[in-house]
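Undergrad: Quick one: sequence and predicted model below, then my questions.
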Amino acid sequence: MWGRSASEFAAGIRARELSAREVMQSHLERIEEMNPLVNAIVTQLDPELALKAADEAPPGPLQGLPIAVKDLEDTAGMRTTYGSPLFAQHVPTSDSLLVERLRQAGAVIIGKTNTPEFGAGSQTFNPVFGATRNPYDLSRTPGGSSGGAAAAVAAGMIPFADGSDLGASVRNPAAFCGLYGLRPTPGRIPDHGPGDPYNPFPVLGAIARTPQDVALLFSALAGPDTRDPLSIQEPWPLPADLRSDPAGLRIAWSETLGGLPVEPEVTAVLQTARAALEDLGCVVEDAEPDFSGADECFEVLRGVGFAAAFEDIIDDVKPTLRANIRFGQHLDAARIAKALALRGELFTRMREFLTRYDFLAAPVTQVAPFSVDLEYPTEIAGQRMGSYLEWFRSCSRITVTGHPALAVPAGFTPSGLPVGLQLVGRHRGELALLQLAEALR
């Protein structure tokens, strides 16, 4: 049963063709089988309590559906470590806004999914729980920082998962695990967590095996909330059907997003996705907006945020995170002001570019899933990476534009590793992204 889609489960429970207990039992059995192999769910609710919660799940669009929440989200009464030894036994007394919405929609929270330390990095490992492995190849990483979430969905342990994305953290693991992963427009899913509430870079998103399942979870999480000043005031109702005719859509195709190194095996797989778009009647042209200044903008403003968030614990975090904090601490006002100006310019460039095209299509990742023992790839297509931020610039260059993006499964390398296509849509254009993804299935 666990292999069905979340939408099928939700419809079956509503129609009383399935019970929430049956759905829960199937996933608990799958967790028992798969989690020892992939190490994706790192804290788990007692199975008897999970079954009881399924029986008592309130009505809602997600009634009775099991979900494990990323271990950065506070979950009342359930250990939440943020991937840090400093919080290895931390049990929050209240829920994050995202967890509140999951409960209100009827979902049953059965555990927490693994994340790197404080979500920093696009490879999922930490000193508390160790590394999460890719279900397609247990010697490889599922990516990160929502790597536990993606691995759990890909392995069939949960039907969908939440994620958070600052630089790449929903899109990268979705691509590495052959899934759909939505980074929405900032403010679509409200968040009242710690840090600067006006920062548009970190957003919450959804990961699933089908576009309709992404839409199902996203619709339950999206919508206004006064605790988030960026919160978009219009609701995002679940569409009854994502099917549409994509013929005539104009799609800009970028192989390198401004000259980034991309491994040839990734490019080869993505060419098949380009052909698929053309077969659907889309007009695909080589084009991309101007990404100059994107890396400086991302790294400076990320550094500012990290300096503010982690100053008090700088000596107690992993070396790469410590280096990010120190970088942020030594930034001067002029450089920060320039980065803020670039953020506005990059949004405008993408907005204007997407008046001429309906979508931008590009790689999600510049490499295929790499060894789980490697913190990050130090070389891509013969080019050395100066830091662990450089290898996921294919995503972070989109982050800084403030536009929604969707990772879509594109195919597999000759060795059977998943590759993802990144579709970038117009501001607040999540529905159009999901419709195109559905047409590509």
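TA: Thanks, I have the structure now. None of these values were measured; they are calculated from a predicted model.

Undergrad: C-alpha only now, for contacts and for neighbours.
TA: Noted.

Undergrad: quick check: domain ranges of the chain?
TA: 6-221, 250-440 (automatic domain parsing).

Undergrad: next SSE after the longest helix along the chain?
TA: Secondary structure of the chain per DSSP state H: the longest helix is helix 333-353. Note on helix 333-353: by DSSP states H and E, the next helix or strand toward the C-terminus is strand 359-363.

Undergrad: coming back round to it: who does the longest helix of the chain touch, helix- and strand-wise?
TA: helix 294-310 (3 or more CA pairs under 8 Å, 6 or more residues apart in numbering; DSSP states H and E).

Undergrad: Mind listing residues that contact whichever helix or strand comes after the helix it packs on?
TA: Downstream of helix 294-310, the first helix or strand assigned by DSSP H and E is helix 319-329. Residues outside helix 319-329 that contact it (CA atoms under 8 Å, 6 or more residues apart in numbering): 120, 300, 302-307, 310-311, 314-315, 388.

Undergrad: Now, of those residues, which are buried?
TA: Among the contacts of helix 319-329, the ones that count as buried by 16 or more other CA atoms under 10 Å are 120, 300, 302-307, 310, 314, 388.

Undergrad: Excluding covalently adjacent residues, which one is nearest to Gly187?
TA: Of all residues not flanking Gly187 in the chain, Ser231 sits nearest, at 4.1 Å (CA to CA, 6 or more residues apart in numbering).

Undergrad: separation between the one you found and Pro184?
TA: Distance, Ser231 to Pro184, using CA to CA, to the nearest Å: 12 Å.

Undergrad: Please identify which of these two sits among more neighbours.
TA: Taking neighbours as other CA atoms under 10 Å, Ser231 and Pro184 compare with Pro184 leading, 27 against 21.

Undergrad: The more buried one contacts Glu430, correct?
TA: Yes - at 6.5 Å, Pro184 counts as touching Glu430 under the criterion of CA atoms under 8 Å.

Undergrad: Any stretches of the stretch 301-441 of the chain with poor pLDDT?
TA: The model of the stretch 301-441 of the chain has no residue with pLDDT under 70.

Undergrad: mind putting the domains of the chain in JSON lines, distance to Leu242 included?
TA: As requested, the domains of the chain are exported to JSON lines (distance: least, CA to CA, whole Å):
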{"stretch": "domain 6-221", "distance to Leu242": "7"}
{"stretch": "domain 250-440", "distance to Leu242": "5"}
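
Undergrad: which ones are touching Gly293?
TA: Leu342.

Undergrad: same thing but at 10 Å, please
TA: Contact analysis of Gly293 by CA atoms under 10 Å, 6 or more residues apart in numbering lists 338-339, 342-343, 345-346, 397, 400.

Undergrad: and what of Pro404?
TA: 182-186, 188, 398, 423-430, 433.

Undergrad: same question, Leu331
TA: Shown in contact with Leu331 (CA under 10 Å, 6+ apart): 300-301, 303-304, 307.

Undergrad: sorry, back to before: mean neighbour count, the domains of the chain: which tops it?
TA: Of all the domains of the chain, domain 6-221 has the most neighbours on average by mean count of other CA atoms under 10 Å, namely a mean of 23.

Undergrad: Keep only those of the contacts of Pro404 that are in helices.
TA: Judged by DSSP H, helices contain the following of the contacts of Pro404: 398, 430, 433.

Undergrad: Quick one: those residues as JSON lines, columns for distance to Arg30 too.
TA: Supplementary listing: those in JSON lines, determined by distance: CA to CA, whole Å:
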{"residue": "Ile398", "distance to Arg30": "35"}
{"residue": "Glu430", "distance to Arg30": "31"}
{"residue": "Leu433", "distance to Arg30": "31"}
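
Undergrad: Going by distance to His192, which of these wins?
TA: Ranked by distance to His192 (CA to CA), the ones in helices among the contacts of Pro404 are led by Glu430 at 21.6 Å.
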